[in-house]
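Student: Generate a structure from the sequence data that follows.
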Amino acid sequence: MRLEITCDDRLGIAQDVLQILRDHEIDLRGIEVDPKGKIFLNFPELEFKDFQHLMPEIRRIPNVKDVKTIAIMPSEREHFEFKLLLSKLPDPILSVDSRGMIDIANDAAQQVLSDNRTELVGTLIGQWLSGFAVQRWLEKQPTEPTVQQISAGGSKYFADLLPIWVADDAGKNGFAGAVITCKPQPLVEQWQRGGNHNVFKQILGEHSSMKRLVKEAARMAELNVPLLIQGETGVGKELLARACHQASHRADKPFLAINCAALPDNVAESELFGHGKGSLGPYTEAKKGIFEQANGGTVLLDAVGEMSNGLQAKLLRFIQDGRFRRIGEEQEVTVDVRIICSAQDDLIERVEAGTFREDLFYRLNVLTLQVPSLRERRSDISLLTDHFTVQACQRLGRSLVMVTRAARDALQRYQWPGNVRQLENVLFRSISMSEGDTLDIGDIHLPGAESLQENVAVDLEEGSLDEAVKKFEATILRRLYPSYPSTRQLAKKLGLSHTAVANKLRDYGIGKTRKR
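Tutor: Next up, the predicted model:
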């Protein structure tokens, strides 16, 4: 039971109230005094007959104006409000004592660090955070706040560490610990121009293959020769090409890209090389092609392997001497551009199949960068998840969503046939559809994530063993083909010969049929 006593300030009025409680043998649990003229009491529930005598006695105390029951004490209200506010904050927040023992942890911290399986309160901070020795910092009894990069729950954060100093009754300050707020690492940076290698920070990755790729790209960016970038769909080939342009001496000139697979041959030729007035119809005006528009800069030919033989021949001549003719014109145009090409599959396979010119291949294959797939650098999935989560929340204008440990494990296990682009799209869709402040495994839809075992069970229900084996084999190939679109890659993955895999793909009608 809790009472609120409204009164005028008078010396000894609180003592009078306490005397009445003693007379009634009431166990006082708490008393709070508000300087504005209120006294709050907290004691066990009373029988009605006792309570009806207590209230009039308190009212008869001099200077008491009113007495009424209340639901909670002011300190309890502050505690509940603080706890509610803390639980709704999207960033992990921890309070530790001077020894580094956690005494407060909000819901976001619980989700990120232990996923509610282990209680954080009462454990040492060093068990959960790495990258900075928090306990050693506390031993020094710091007086100034600091910002440090830390790792927590498999993700990187910037931790704001705010030391707590409390004054005693004598006015002497004592060190009481610190409050730690973890902010997502600001991975989104602005492009910098003018031959600056910092532009490669846009290409996120801590895996050794990505560090090696960025190091090679930084060196190749300064060279004025064609560059071939190979990798599966969605790995970031265009992002890498843009970074190479921005890190070169051509950074202040245009960067233009064209998808060779998305345009018919006649349209692609006009887009690349331009056309003269009236060449495509009586009312068409002259138009500069991409090569002219990008004069002095860089042109990215995306999906160059899809280019027709006729267009390949014209591109080869342009690479050789930097000259070409617009459609419908006889006058030659000379421009200075660097060509960067990208291809999903290994171009040498197309050369062997006779669909890509061998002489053009060797002209383009002066410098080559191979971008690894996401499943080949799984350690980067958590880093990219944090980046795309922050990016999605900013685009949607909502507070930061925390990804639970279970959801991170699911993202880590998935094969990602669409690579980084698919991860970005999956997270954006999941966050846009989510109503809470956390993203759990049930909020994420991963296409084709059902187990192969379920398919096998269905296959065995009908047909012979030989038919079931063929169905199972076809299921495996269909699952793997998007992730390994090159038959050489798929053959290496399965431990089979290139010919055997090509025959099986043809038998099951999987992928494109190549002309030989």
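Student: mind checking how far S308 is from S486?
Tutor: For S308, the distance to S486 equals 21 Å [C-beta to C-beta, to the nearest Å]. (C-beta placed from N, C-alpha, C; glycine too.)
Student: Compare neighbour counts for these two and give me the winner.
Tutor: Neighbours around S308 and S486, counted as other C-beta atoms under 10 Å, are more numerous at S486. The numbers are 19 against 15.
Student: thought that one was touching I348?
Tutor: No: using C-beta atoms under 8 Å, S486 and I348 do not qualify as a contacting pair, with a distance of 9.7 Å.
Student: Between these two, which contacts overlap?
Tutor: Listed contacts common to S486 and I348 are nil; contacts here mean C-beta atoms under 8 Å, 6 or more residues apart in numbering.
Student: Can you give me the buried ones in stretch 40-56?
Tutor: In terms of neighbour count (16 or more other C-beta atoms under 10 Å), stretch 40-56 has its buried residues at 40-43, 54.
Student: got the CA coordinates for that stretch in CSV?
Tutor: Extracted in CSV, the C-alpha atoms of stretch 40-56 (Å, rounded to 0.1, in the frame of the first residue of the first chain):
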residue,chain,number,x,y,z
PHE,A,40,5.2,9.3,0.1
LEU,A,41,4.8,6.1,2.2
ASN,A,42,5.2,2.5,1.2
PHE,A,43,4.0,-0.2,3.7
PRO,A,44,2.2,-3.6,3.5
GLU,A,45,-1.5,-3.9,2.7
LEU,A,46,-3.8,-3.2,5.7
GLU,A,47,-7.1,-4.6,6.7
PHE,A,48,-9.9,-2.1,6.0
LYS,A,49,-10.7,-1.7,9.7
ASP,A,50,-7.1,-0.6,10.4
PHE,A,51,-6.8,1.5,7.3
GLN,A,52,-10.0,3.5,8.1
HIS,A,53,-8.5,4.6,11.5
LEU,A,54,-5.1,5.4,10.0
MET,A,55,-6.2,7.9,7.4
PRO,A,56,-8.1,10.3,9.8
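Student: Averaged pLDDT, that stretch. What do you get?
Tutor: Stretch 40-56 shows a mean pLDDT of 82.
Student: cool, stretch 132-142 as well?
Tutor: Across stretch 132-142, the average pLDDT comes to 90.
Student: State the pair within the buried residues of stretch 40-56 that is farthest apart.
Tutor: Across the buried residues of stretch 40-56, the longest distance by C-beta to C-beta is 15.2 Å; it joins F40 and L54.
Student: Check which helices and strands the helix or strand A159 falls within is in contact with.
Tutor: Here A159, judged by DSSP states H and E, is contained in strand 155-167. Applying 3 or more C-beta pairs under 8 Å, 6 or more residues apart in numbering; DSSP states H and E, one finds that strand 155-167 contacts strand 146-152, strand 173-184, helix 381-396.
Student: mean pLDDT for those: which is lowest?
Tutor: Of all the helices and strands packed on strand 155-167, mean pLDDT reaches its minimum on strand 146-152 (a mean of 81).
Student: which other residues reach it?
Tutor: By C-beta under 8 Å, 6+ apart, the list of residues contacting strand 146-152 reads 92, 112-113, 128-132, 137, 156-161, 182, 185.
Student: so F273 sits right up against I327, yeah?
Tutor: Yes: at 6.6 Å, F273 counts as touching I327 under the criterion of C-beta under 8 Å.
Student: These two: which has the busier surroundings?
Tutor: Using other C-beta under 10 Å, the more surrounded residue of F273 and I327 is F273, with 23 against 16.
Student: So what's the predicted local confidence for I125?
Tutor: pLDDT, I125: 90.
Student: domains of the chain?
Tutor: 2-76, 89-184, 197-370, 374-443, 452-508 (automatic domain parsing).
Student: looking at those, which is closest to F82?
Tutor: Of all the domains of the chain, it is domain 89-184 that lies closest to F82, at 9.4 Å by C-beta to C-beta.
Student: does I229 have beta-bridge partners, and which?
Tutor: Beta bridges link I229 to S342, L369 when assigned by DSSP bridges.
Student: you'd agree it is up against L364?
Tutor: No: judged on C-beta under 8 Å, I229 makes no contact with L364 at a distance of 10.4 Å.
Student: Touching both of the two, which residues are there?
Tutor: With C-beta under 8 Å, 6+ apart as the test, I229 and L364 both reach C341.
Student: For the stretch 201-350 of the chain, which segments count as helices?
Tutor: 208-221, 237-246, 265-273, 290-293, 309-321, 347-353 (DSSP state H, counting those that start in this stretch).
Student: Can you say which of those is packed in most?
Tutor: Most buried of the helices of the stretch 201-350 of the chain by mean neighbour count (mean count of other C-beta atoms under 10 Å) is helix 237-246; its value is a mean of 23.
Student: From C341, how far out is I319?
Tutor: The spacing between I319 and C341, counted by C-beta to C-beta, is 10 Å.
Student: same check, this time on D168
Tutor: 72 Å.
Student: These two: which has the busier surroundings?
Tutor: Ranked by neighbour count (other C-beta under 10 Å), D168 and C341 place C341 first, with 28 against 8.
Student: Now do the nearest residue to that one once chain neighbours are set aside against C260, distance only.
Tutor: In this structure, C341 finds its nearest non-sequential neighbour in V304, 4.1 Å apart by C-beta to C-beta, 6 or more residues apart in numbering. Here the distance between V304 and C260 works out to 6 Å (C-beta to C-beta).
Student: next one: H245
Tutor: Using C-beta to C-beta, which is the criterion applied here, H245 is 18 Å from C260.
Student: which residues touch the residue nearest to A474 when sequence neighbours are not counted?
Tutor: Distances taken as C-beta to C-beta, 6+ apart put Y508 closest to A474, at 4.4 Å, once the chain neighbours are dropped. Y508 is in contact with 473-474, 477-478, counting by C-beta under 8 Å, 6+ apart.
Student: Let me know the next secondary structure element after the worst-scoring helix or strand of the chain on mean pLDDT.
Tutor: Across the helices and strands of the chain, mean pLDDT, DSSP states H and E gives its lowest value to helix 452-459, namely a mean of 46. Per DSSP H and E, the first helix or strand lying C-terminal to helix 452-459 is helix 465-480.
Student: buried residues in that next one?
Tutor: Under the neighbour-count criterion of 16+ other C-beta under 10 Å, helix 465-480 has 468, 470-471, 474-475, 477, 480 buried.
Student: average model confidence for that helix?
Tutor: 77.
Student: Same question for stretch 362-380.
Tutor: What stretch 362-380 shows for mean pLDDT is 90.
Student: Show me what A167 bridges to in the sheet.
Tutor: Beta bridges link A167 to N173, judged by DSSP bridges.
Student: Relative to P145, how far out is it?
Tutor: A167 is 18 Å from P145, where distance means C-beta to C-beta.
Student: Also S98?
Tutor: 16 Å.
Student: Kindly report the same for L367.
Tutor: From L367 over to P145 the distance is 47 Å, taken as C-beta to C-beta.
Student: again with C341
Tutor: Note on C341: its distance to P145, by C-beta to C-beta, is 50 Å.
Student: Likewise for M220?
Tutor: Relative to P145, M220 is positioned 43 Å away (C-beta to C-beta).
Student: With Q110 instead?
Tutor: Remark: distance between Q110 and P145 (C-beta to C-beta) = 24 Å.
Student: Equivalent analysis for T438, please.
Tutor: 28 Å.
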